[in-house]
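# Give me the fold of what follows.
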Amino acid sequence: GTTAGQSEGGNIVAPWSQREPGVVGFIAGAVPDVVAIQEGAAWVNQVKGPRQVDALRSALGGNYALARTEVPPTEHYYHRTGDYILYRKDTLAAVGTGDHWSIGENHFAAYQLLRNRVSGAEFLFISAHLIVPPGHSNDLKREQETQSLVRQASSFARAHNNVPVVYAGDLNSDQWGH
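Residues are numbered from 1 along each chain as shown. Here you go, the predicted model:
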């Protein structure tokens, strides 16, 4: 992926081929109904080939679906946000197609309205990724991104019978709670 070989937190990021088994094992072992994915847009082998999120969904088997929250690389005018939603098809159904919101400075939040197949209850699931670097100015940007996210999610929820909203993702808050 795009971060392979780079240093993060004092460690060198391994290629996706080395990280994938651990990620698949963790998700398969936990069997979550829905998973928020960030930084999953990198190409696995070739440009416009499978993205990391596509490889992950495939490795998890046929019970997981990838919500359509962007135009995929197999179609014209594709756009990769890096934020994705995987959900278990036996417990949840997508209600319509999902999409994504811009929350600022080339950061996005993918969203999908989901329905429990047994109870019929619906909820809005969001996979967001806020700006990364620490520091006061970026804390202010994260606050603005969060306000944008909450504003857009609240508007969507109101327009869909005030469904509950589940926020997940990489919010990049620091150890001091800023």
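
# Strands of the chain, start to end?
Read by DSSP state E, the chain holds these strands, from start to end of the chain: 7-8, 11-12, 34-37, 64-66, 84-88, 92-94, 99-104, 107-116, 122-129, 165-170.

# partners of the third one, with directions?
The sheet places strand 34-37 alongside strand 84-88 (antiparallel), with pairing taken from DSSP bridges.

# now swap in the fourth one and tell me
Paired neighbours of strand 64-66 in the sheet (DSSP bridges): strand 84-88 (antiparallel).

# And the partner strand, how far out from the chain middle?
For strand 84-88, the distance between its averaged C-alpha position and the chain's averaged C-alpha position is 8 Å (C-alpha atoms, centre = their mean, to the nearest Å).

# which residues are contacting it?
In this structure, residues lying in contact with strand 84-88 by C-beta atoms under 8 Å, 6 or more residues apart in numbering are 27, 31-38, 40, 53, 56-57, 60, 63-67, 69, 94, 98, 110-112, 114, 125, 127. Any C-beta I mention is one placed from the backbone N, CA and C, and that applies to glycine too.

# now do the same end-to-end measure for stretch 38-46.
By C-alpha to C-alpha, to the nearest Å, the extent of stretch 38-46 from end to end equals 20 Å.

# Let me fix that, I meant to ask about stretch 91-106.
Stretch 91-106 stretches 33 Å from its first residue to its last (C-alpha to C-alpha).

# what's the average pLDDT for that stretch?
Stretch 91-106 shows an average pLDDT of 95 in the prediction.

# which residues touch it?
Looking at what lies outside stretch 91-106 - C-beta under 8 Å, 6+ apart - the contacts are 33-34, 65, 67-70, 81, 83, 85, 87, 108-118, 122, 128, 130-131, 141, 144-146, 148-149, 152-153.

# mind running it again at 6 Å?
The contact list for stretch 91-106, computed with C-beta atoms under 6 Å, 6 or more residues apart in numbering, reads 33, 67-70, 81, 108-115, 117, 144-145, 148-149, 152.
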